[in-house]
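Q: Model the structure of this input:
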Amino acid sequence: MRYLTRRSAVGALRRGSRIEQFLGVAEVNGAAAVRWVAVSPMDGAHRVSPHTVEDPDDDRFADPANFFSLDPVDEEYPGEGRETGRSTGEERAMALAELLTGAAADRWVNVAVAGEEYLDLVRSRWSAPPAS
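A: This next block holds a predicted model:
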């Protein structure tokens, strides 16, 4: 099972682990991009950091945290991303991330698993019929 139950996601945050969610494709100034969001424990609270990064469309690259940022503001915060929200309490932080980014309550994953969803996207493009 790829997705964490709400209880498991809360538990991961309580243990000090980051959770994340792949949000899908986007376009920035004509460039193909993908979006993802992370919730990370930090300084007694939980930090929400969305990311908009270049889509290399290559299955040899599976970690969106290592993709080039397409948001000039995010370039100041490589890897961790820019903080757009902070909340105490795991449930509150997840709800804040969902509100700020459109993340789905039932699609949170452990750290680095969002890359697997990116790979699913890339591989689905190979099997998709050509656009007319």
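
Q: Run through the neighbouring helices and strands of the longest helix along the chain.
A: Of all the segments of type helix in the chain, defined by DSSP state H, the longest one is helix 114-127. Judged by 3 or more Cβ pairs under 8 Å, 6 or more residues apart in numbering; DSSP states H and E, helix 114-127 is in contact with strand 19-28, strand 31-42. For every residue, glycine as well, the C-beta is placed using N, CA and C.

Q: For the first one, buried residues please.
A: Read it as strand 19-28. 19-23, 28 (16 or more other Cβ atoms under 10 Å).

Q: Likewise for the last one?
A: Buried residues in strand 31-42, counting neighbours by 16+ other Cβ under 10 Å, are found at 33-41.

Q: JSON lines please, covering these and showing distance to T88 and pLDDT.
A: As requested, the buried residues of strand 31-42 are exported to JSON lines (distance: Cβ to Cβ, whole Å; pLDDT from 0 to 100):
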{"residue": "A33", "distance to T88": "31", "pLDDT": "91"}
{"residue": "V34", "distance to T88": "30", "pLDDT": "92"}
{"residue": "R35", "distance to T88": "25", "pLDDT": "92"}
{"residue": "W36", "distance to T88": "23", "pLDDT": "92"}
{"residue": "V37", "distance to T88": "18", "pLDDT": "95"}
{"residue": "A38", "distance to T88": "17", "pLDDT": "95"}
{"residue": "V39", "distance to T88": "12", "pLDDT": "97"}
{"residue": "S40", "distance to T88": "14", "pLDDT": "95"}
{"residue": "P41", "distance to T88": "11", "pLDDT": "95"}
